[in-house]
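Turn this into a structure:
(chains A and B)
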2 protein chains.
Amino acid sequence: MTVLILTSEEDVTADMVVLRLGEAGVPVVRLDPADLTNGVALSGEYVRGAWHGHLSVGGRLVSMSGLRSVWVRRPGAAATRAAHPSAWLTEESAQALYGMLRCTDARWMNHPDAAQRARHKPWQLHLAQRSGLPVPATLITTFPQAAREFAERCPDLVVKPVSGAHPQEPPRAVPTSRVAPDTDFAAVAFGPTLLQRRIAKRADIRLTAVGDTLLAARKPTAPDARPDDVDVRFTPSVSPWLPVDVPPRIAEGVRRYVRGAELAYGAFDFAEDADGIWWFLECNQSGQFGFVEMDTGQPIAAEIAKWLAGDGNPDRRCADGDRSTAS
Amino acid sequence: MTVLILTSEEDVTADMVVLRLGEAGVPVVRLDPADLTNGVALSGEYVRGAWHGHLSVGGRLVSMSGLRSVWVRRPGAAATRAAHPSAWLTEESAQALYGMLRCTDARWMNHPDAAQRARHKPWQLHLAQRSGLPVPATLITTFPQAAREFAERCPDLVVKPVSGAHPQEPPRAVPTSRVAPDTDFAAVAFGPTLLQRRIAKRADIRLTAVGDTLLAARKPTAPDARPDDVDVRFTPSVSPWLPVDVPPRIAEGVRRYVRGAELAYGAFDFAEDADGIWWFLECNQSGQFGFVEMDTGQPIAAEIAKWLAGDGNPDRRCADGDRSTAS
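Predicted coordinates:
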């Protein structure tokens, strides 16, 4: 049974996982959907009530019924490196590839439907609430008056994008920023605006969930940090990420979230306040983990390899005991 | 409890359903996501573990917790009629609107996840097979040799797009065409190609599923039709669509398909052969139905209105008895 990894050629994070799978003797096929019709070929036959699918990568033929799992890492858009690329060819190729993979019994990290759903931040906030995770008071609105009333109740606010990255080429990360006290919010009418109570944080937390396994890392806020230094991605770093135990109630909430979202992998961002409370900020279903593993030495790649190889199967994990750092 | 209809302003098919809902005294809000920030506003607040969302359309305020159902009919892309439209504003607005609607308890026709999944033709064929519907032998391939071997086994073939409509502006329907007997299939290597055994049909069938209710229509093939007239959408019409009973085994298969696909609405296309067998061709989760209702007088709009109003609830339907024409 083979692990299929969908990603671009240059992906050192995927390399880390491939290495682990190789050590474990698990067959791996790695392909970039961008190479469809140019090194990557596919075929699926529906005859007399049965379905048989095959992939060919660099001349190697793999039966789709022999796939144990599919890791959707950083795949390129389908057939964009074909001899004659076009929007039509990309659409045809994507539908053929993902349509066939959806017919297999393979486990997905993450399933395309779950991945698509998990990108919606309003839904993330609601699921985090329902999962029992602390969520800072948040407003998403196009009503200037609603924004003004919210700012009266929560005078210390940050603003961040609803959707994540700005869709320019290459996509640009939009930093979370502090809202100035004299903001009048009239511009809110021109586009949905996400306002959130600023957490006066003493640390950033990155919690990586791989199935039921939770690995958390903590980066203390610099002692001389200004309250305007909100976004850890855009703030000068004074400390590396350090491993940290997951508080049991957070572990419970995260597992509930992961199950509710039907995710096999999720990268959670929390802000830790002065009381030690971890406030949920977001869960990125395709979040990077290489930088955390580099700093902390936590075996995230190994856990992903284990999950893809099948050792992450919940039934088998029960017998193995709980490997989470949380319990 | 309100029915939310997401569609463009000019949509006479939606008008038919709105009329039925109005007759039944069911409150309806109709909006086009394209009008976000320009006539349509939204707001969602996440405070102390609770979530409250609102929509405003033409000055009318609706609580999202008061939505009984959402009909995703023909919505425009979000905020494209805003004062200053942009890809970024569309992304932010779509994530805000659909992200919040995903937090509600409303029933969807169809849920965005189910709709997205249901568009994949390879997956449709597989689900139809598993549901017990007759599926013509089909190959989707980029291997010329696989195409040649398939053509030897099934000499009378049609070719059709894997993905549906060509993504030009406006999208162009690509007709299903007969494959010439001397085709060498070398070009298959340049793009996934869907080849299917041609059904020598005596009629086209359009079966509309609204929840568990099935309404089928039949259009007999013209006596002088040529075998190359494959695609009913591009063939001169000699007969209107006429109501027809659904064979019990087809009804069973379609209901299994609809449940497996988690669809509330689906427009199924079948080809009826000389033996009266209905061969599954595809299921369009957003297929038009106005032309069928016009020809047959079947109450499709009324059934959709009933489903949206809540009478389509499976639990209630049990008490009401089965309204399908099939049983």
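
C-alpha from now on. contacts and neighbour counts both.
Noted.

residues near residue A:23, how many?
For residue A:23, the neighbour count with other CA atoms under 10 Å in any protein chain shown is 9.

Roughly how far does it sit from residue A:13?
According to CA to CA, to the nearest Å, residue A:23 stands 16 Å off from residue A:13.

go on, residue A:231?
Residue A:231 is 23 Å from residue A:13, where distance means CA to CA.

where in chain A is pLDDT low?
Within chain A, the stretches with pLDDT under 70 are A:165, A:167-172, A:234, A:311-327.

Go again with 90.
Scanning chain A for pLDDT under 90 picks out A:9, A:48-50, A:58-59, A:163-177, A:179-182, A:184, A:222-239, A:311-327.

check contacts around residue A:162.
A:120-122, A:140, A:192-194, B:92, B:95-96 (CA atoms under 8 Å, 6 or more residues apart in numbering or on different chains).

So which of these are in helices?
Within those, residues falling in helices by DSSP state H are A:121-122, B:92, B:95-96.

Tell me where the stretch 51-200 of chain A has helices.
Assigned by DSSP state H, counting those that start in this stretch, the stretch 51-200 of chain A shows helices spanning A:87-101, A:112-118, A:121-130, A:144-153.

Rebuild these as TSV, extending it with distance to residue B:286 and mean neighbour count.
Output for those, formatted as TSV (distance: least, CA to CA, whole Å; neighbours: other CA atoms under 10 Å in any protein chain shown):
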stretch	distance to residue B:286	mean neighbour count
helix A:87-101	17	23
helix A:112-118	18	19
helix A:121-130	24	23
helix A:144-153	36	16
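
Make a markdown table out of the ones in helices among the contacts of residue A:162 and add distance to residue B:302.
Output for the ones in helices among the contacts of residue A:162, formatted as a markdown table (distance: CA to CA, whole Å):
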| residue | distance to residue B:302 |
| --- | --- |
| A:121 | 36 |
| A:122 | 33 |
| B:92 | 35 |
| B:95 | 31 |
| B:96 | 31 |
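
Spell out which parts of the stretch 101-250 of chain A neighbour chain B.
A:102-103, A:113, A:116-117, A:120-123, A:125-126, A:129-130, A:132, A:134-143, A:146, A:161-163, A:166-167, A:189-192 (CA under 8 Å from any CA of the partner chain).

For chain B, what's its nearest residue on the stretch 101-250 of chain A.
Nearest to chain B in the stretch 101-250 of chain A, going by CA to the nearest CA, is residue A:141, at a distance of 4.0 Å.

what are the bridge partners for the closest residue to that residue other than its chain neighbours, then?
For residue A:141, ignoring the flanking residues on the chain, the nearest one in space by CA to CA, 6 or more residues apart in numbering or on different chains is residue B:43 at 4.0 Å. For residue B:43, the beta-bridge partners are residue A:141, residue B:54 (DSSP bridges).

where does the one residue sitting closest to the centre of chain A fall, phi/psi-wise?
Centroid-nearest residue in chain A, with CA atoms, centre = their mean: residue A:285, separated by 2.0 Å. Residue A:285 adopts backbone torsions of phi -70, psi -10, taken as degrees, to the nearest 10.

From the structure, what's the count of residues near the nearest residue to it once chain neighbours are set aside?
For residue A:285, ignoring the flanking residues on the chain, the nearest one in space by CA to CA, 6+ apart is residue A:266 at 4.4 Å. With neighbours defined by other CA under 10 Å, the count for residue A:266 comes to 28.

The one 10 residues further on now?
Counted by other CA under 10 Å, the residues lying close to residue A:276 total 12.

Residue A:231 now?
Neighbour tally, residue A:231, other CA under 10 Å: 15.

State the distance from the spatially closest residue to residue A:241 that is not a sequence neighbour to residue A:228.
Nearest residue to residue A:241 in three dimensions, chain neighbours excluded: residue A:219, at 4.7 Å (CA to CA, 6+ apart). Separation of residue A:219 from residue A:228 (CA to CA): 17 Å.

out of these two, which sits in the busier spot?
Taking neighbours as other CA under 10 Å, residue A:219 and residue A:228 compare with residue A:219 leading, 21 against 14.

Verify the stated contact: the residue nearest to residue A:141 with residue A:145.
No: using CA atoms under 8 Å, residue B:43 is not in contact with residue A:145; the gap is 10.6 Å.

and residue A:281, that's in a strand?
Yes: assessed by DSSP: H, G, I helix; E, B strand; the rest coil, residue A:281 belongs to a strand.

Was I right to think it contacts residue A:231?
No: using CA under 8 Å, residue A:281 makes no contact with residue A:231, being 11.0 Å away.

got the domain boundaries for chain A?
A:2-109, A:111-135+A:199-285, A:137-198 (automatic domain parsing).

what's near enough to touch residue A:229?
A:177, A:235.

SS state for it?
coil.

measure it to residue A:276 for me?
For residue A:229, the distance to residue A:276 equals 19 Å [CA to CA].

Need the contact partners of the helix or strand hosting the residue nearest to residue A:241.
Using DSSP states H and E, the element containing residue A:219 is strand A:213-220. Contact with strand A:213-220 is made by A:202-209, A:239-246, A:251, A:292, A:296, A:298, A:300, A:303, A:322-326, as judged by CA under 8 Å, 6+ apart.

follow-up on the earlier one: specify the beta-bridge partners of the residue nearest to residue A:241.
Here residue A:219, judged by DSSP bridges, has bridge partners residue A:204.

coming back round to it: kindly export the strand holding residue A:219 (C-alpha atoms) in CSV.
The C-alpha coordinates for strand A:213-220 follow below in CSV (Å, rounded to 0.1, in the frame of the first residue of the first chain):
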residue,chain,number,x,y,z
THR,A,213,-1.3,13.7,18.5
LEU,A,214,-0.7,17.2,19.7
LEU,A,215,2.7,18.9,19.7
ALA,A,216,2.9,22.5,21.0
ALA,A,217,5.6,25.1,20.8
ARG,A,218,5.9,28.5,22.6
LYS,A,219,7.7,31.6,21.7
PRO,A,220,7.9,34.2,24.6
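
Quick check: next helix or strand after it?
Per DSSP H and E, the first helix or strand lying C-terminal to strand A:213-220 is strand A:242-244.
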